[in-house]
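K.L.:
sharing a model prediction with you, sequence too.
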Amino acid sequence: MTEILFRDDSYLREAAASVASVETGGIALDRTIFYPQGGGQPGDQGELVVEGGPAIRIVNTIYAADRKTILHVPAEGAAAPAPGARVFARIDWDRRYKRMRAHTALHLLSAALPYPVTGGSVGDAEGRLDFDCEATLDKAEVEGMLNALVLRDAPVSQRWITDEALDANPGLVKTMSVKPPRGAGHVRLIAVEGLDLQPCGGTHVARTGEIGPVEVVKLESKGKQNRRVNLAFRQP
Ligand SMILES: [Zn+2]
């Protein structure tokens, strides 16, 4: 089981850690700042600098089959560190920060459009959500609503609730395709103050103003009941 540092502080770019084990899928640390692929967000990249040894390039981050251990996938041909070795972990911050901005923008999009979310993904400077919606959406109108929410500069925070409390408030779950993780007894909620509250395990910016101006690049109708909204940053 890996101690997760990015949940309480998504702005950590570097951290010291120890190698817990080396698995076929990747390197497990005792604690990590690397976000593992999931919830529509790609896994982090970066490097592990082994004390007294080489820097190991990390090309992806994934969950092990137990869903508790996080594996740092090394570049092909990289030397494996010894279990117990001290490492200095560093993520590719520019890329991660863009994903944090894009991911938080999707929370605002789900607040702007009051329809159930059926899917979505976060890229390096763009993102998209699919809505269960029959209405005709207007690109300029959606973009205007979204940028107004960005400009509110609302704080983003997390809190935890029990599984039972979530069951008692099914309206909190907007994303029908991604069920909040169960079994730990509690679920993480992300609050965008005054705008959005939903279970989420991803990485977010601290205030919506950090997202910057957003463009609705494309609106697609994927069938009668499905509208896909594609976003990108106006400035990188
Ligand atoms: Zn989120």
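P.N.:
Here it is on my side, so go on.
K.L.:
what helices and strands are in contact with the lowest-mean-pLDDT helix or strand in the chain?
P.N.:
Least confident helix or strand of the chain, by mean pLDDT, DSSP states H and E, is helix 163-167 with a mean of 82. If contacts are counted by 3 or more CB pairs under 8 Å, 6 or more residues apart in numbering; DSSP states H and E, helix 163-167 sits against strand 186-192. For every residue, glycine as well, the C-beta is placed using N, CA and C.
K.L.:
export the strand it packs on as PDB, just CAs?
P.N.:
C-alpha atoms of strand 186-192 as PDB (Å, rounded to 0.1, in the frame of the first residue of the first chain):
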ATOM      1  CA  HIS A 186     -14.900   6.800   3.000                       C
ATOM      2  CA  VAL A 187     -15.000   8.700  -0.200                       C
ATOM      3  CA  ARG A 188     -13.200  11.900  -1.200                       C
ATOM      4  CA  LEU A 189     -15.400  14.800  -2.200                       C
ATOM      5  CA  ILE A 190     -14.000  17.800  -4.200                       C
ATOM      6  CA  ALA A 191     -15.800  21.100  -3.500                       C
ATOM      7  CA  VAL A 192     -15.500  24.100  -5.900                       C
END
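K.L.:
can you name the next helix or strand after that strand?
P.N.:
strand 196-199 (DSSP states H and E).
K.L.:
thinking again about what came up before, what residues sit buried inside the least confident helix or strand of the chain?
P.N.:
Using 16 or more other CB atoms under 10 Å as the test for burial, helix 163-167 gives L166.
K.L.:
how about stretch 18-29?
P.N.:
Buried-residue list, stretch 18-29, by 16+ other CB under 10 Å: 19-20, 22, 26-29.
K.L.:
what distance separates the start and the end of that stretch?
P.N.:
6 Å (CA to CA, to the nearest Å).
K.L.:
contacts for it next, please.
P.N.:
2, 17, 30, 48, 56, 58, 60-62, 64, 69-74, 80-87, 89 (CB atoms under 8 Å, 6 or more residues apart in numbering).
K.L.:
can you flag the buried ones in those?
P.N.:
Buried, going by 16+ other CB under 10 Å: 2, 17, 48, 56, 58, 60-62, 64, 69-74, 81, 85, 87, 89, out of those.
K.L.:
could you check how far the closest residue to E143 other than its chain neighbours is from L12?
P.N.:
Using CB to CB, 6 or more residues apart in numbering and skipping residues adjacent in sequence, the residue nearest E143 is V216, 4.2 Å away. Look at V216 and L12: by CB to CB, to the nearest Å, they are 31 Å apart.
K.L.:
ok, T203 touching D9?
P.N.:
No. Contact criterion CB atoms under 8 Å: T203 and D9 do not qualify, at 9.8 Å.
K.L.:
and the two? Which one has more around it.
P.N.:
Between T203 and D9, counted using other CB atoms under 10 Å, the more crowded position is T203 (23 against 11).
K.L.:
for the longest helix belonging to the chain, packing partners?
P.N.:
Ranked by number of residues, the top helix in the chain under DSSP state H is helix 93-112. Of the remaining helices and strands, those touching helix 93-112 by 3+ CB pairs under 8 Å, 6+ apart are strand 117-122, strand 126-132, helix 139-151, strand 186-192, strand 196-199, strand 226-233.
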